[in-house]
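> structure of the sequence below:
(one chain, ligands or ions: 1)
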Amino acid sequence: MTRIVYVNGAYKRYAEAAVHVEDRGFQFADAIYEVIEILDGRLVDATRHLARLDRSLRELGIPRPMSDVALLQVIDQVIRRNRVRDGVVYIQVTRGAGPRDFALPPAGTLPTLVILARAQRKGWSAAQAKTGIAVKTIPDNRWARCDIKTVMLLPAVLAKDEAHRSGAKEAWFVDPNGNVTEGASSNAWIVTSDGTLVTHPLDHHVLPGVTRATVMDVAKAEGLKIEERRFHKDEAIRAKEAFITSATNIVMPVVQIDGAPVGDGRPGPLARQLRLRFHHVAEFSAG
Ligand code: PMP
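Numbering: from 1, shown residues only. Sure thing, here's the model as predicted:
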């Protein structure tokens, strides 16, 4: 349960935590966010998450609300005040509040900063990983800058809903050529018959996942081959294994795509290996 939320300089009770009705995050989705895993009271890969937060802000010209050192202190406070040992911390920065206007607000408008932490039952994703998940492919109808982690998530919300209604846990976005770009809230991977890991290259069509980067570190340390290239959804269905990566799922095996089994329809050995090694390679820091 979230009890305390940081909003613009103050620690508020959950029920009372609020931003202005003319906040640009609310009016225009003029905002970016990050989700960081908390494991055993420590932050996982905070350096990479804060670097991406900084990049998202720079790409959109939203001023930094505070330094990384200050941000880490607030994150630490939020985690402590909510007594979270295992869960996630959510950080959102908007371009601030002001009379609704498409034009950017005057220089000096303070960005809005919201930070909350939420406990999650330890091991839920490990339990899920034992059986794996189904995914459904859906046309990618998002904008052309999916590399920026904005809160403009309506296409992902609707895609996930469509996936859920068909019994799948995640949606895989597919471009007009039938290639899988990424999941609605995850990066998408397959394993070819010769054991090569394949994921979409980093460009404007996908988010540079932090888990994706750390899984690459794990794969290199394990001597696995990696190819960053496009892959068609038909190749994914015929692949030896498939999986998704995200800060909340870590490495989650995909056992079914559009109702067709991947491999023998059970989680594959490489996905399991990457998942088991992940937290040995990821960065842990005080939270
Ligand atoms: N792609 C999208 C569209 C996402 O929303 C996410 C999760 N935020 C990811 C990829 C995975 O990113 P990360 O590993 O940093 O959680």
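> for the residue positioned nearest the centre of the chain, what are phi and psi?
In the chain, the residue lying closest to the centroid (C-alpha atoms, centre = their mean) is residue 246, at 4.9 Å. Note on residue 246: backbone dihedrals following degrees, to the nearest 10 are phi -170, psi 160.
> contact partners for the closest residue to it other than its chain neighbours?
The shortest distance from residue 246 to any residue other than its chain neighbours is 4.0 Å, reached at residue 186 (C-beta to C-beta, 6 or more residues apart in numbering). All C-beta atoms are positioned from the backbone trio N, CA, C, and that covers glycine. By C-beta atoms under 8 Å, 6 or more residues apart in numbering, the contact list for residue 186 reads 170, 209, 244-246, 249, 252.
> show me the shaky parts of this structure.
For the chain, the stretches with pLDDT under 70 are 287.
> try it again at 90.
1-2, 122-123, 286-287 (pLDDT under 90).
> domain ranges for this protein?
4-120, 125-281 (automatic domain parsing).
> now those domains in TSV, with distance to the ligand?
Converted to TSV, the domains of the chain look like this (distance: least, C-beta to the nearest ligand atom, whole Å):
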stretch	distance to the ligand
domain 4-120	6
domain 125-281	3
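> going along the chain, name the strands of the stretch 101-250 of the chain.
Per DSSP state E, counting those that start in this stretch, the stretch 101-250 of the chain carries strands over the ranges 112-119, 133-139, 170-174, 180-183, 187-191, 197-199, 226-228, 241-246, 250-257.
> who are the packing partners of the fifth one?
The reference is to strand 187-191. The contact analysis (3 or more C-beta pairs under 8 Å, 6 or more residues apart in numbering; DSSP states H and E) places strand 187-191 against strand 180-183, strand 197-199, helix 210-221, helix 233-238, strand 241-246.
> now the angle from it to strand 170-174?
Counting by axes from the mean of the first three to the mean of the last three C-alpha atoms, to 10 degrees, strand 187-191 points 80 degrees away from the direction of strand 170-174.
> partner strands of strand 187-191 and their direction?
strand 197-199 (antiparallel), strand 241-246 (antiparallel) (DSSP bridges).
> cool, and the first one?
When pairs are called by DSSP bridges, strand 112-119 turns out to pair with strand 4-7 (antiparallel), strand 87-94 (antiparallel).
> would you mind listing the buried residues in stretch 104-124?
For stretch 104-124, the neighbour count (16 or more other C-beta atoms under 10 Å) marks 105, 111-117, 119 as buried.
> output stretch 61-78 as CSV, restricted to C-alpha atoms.
Output of stretch 61-78 as CSV, limited to C-alpha atoms (Å, rounded to 0.1, in the frame of the first residue of the first chain):
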residue,chain,number,x,y,z
GLY,A,61,13.3,20.4,-23.2
ILE,A,62,11.7,19.9,-19.8
PRO,A,63,13.9,21.4,-17.1
ARG,A,64,15.4,19.0,-14.5
PRO,A,65,13.5,19.3,-11.2
MET,A,66,16.7,18.6,-9.2
SER,A,67,20.1,16.9,-9.3
ASP,A,68,20.5,13.1,-9.4
VAL,A,69,21.9,13.2,-5.9
ALA,A,70,18.8,15.1,-4.6
LEU,A,71,16.5,12.8,-6.6
LEU,A,72,18.1,9.8,-5.0
GLN,A,73,17.6,11.3,-1.5
VAL,A,74,13.9,11.9,-2.2
ILE,A,75,13.5,8.4,-3.6
ASP,A,76,15.2,7.0,-0.5
GLN,A,77,12.8,8.9,1.7
VAL,A,78,9.7,7.8,-0.3
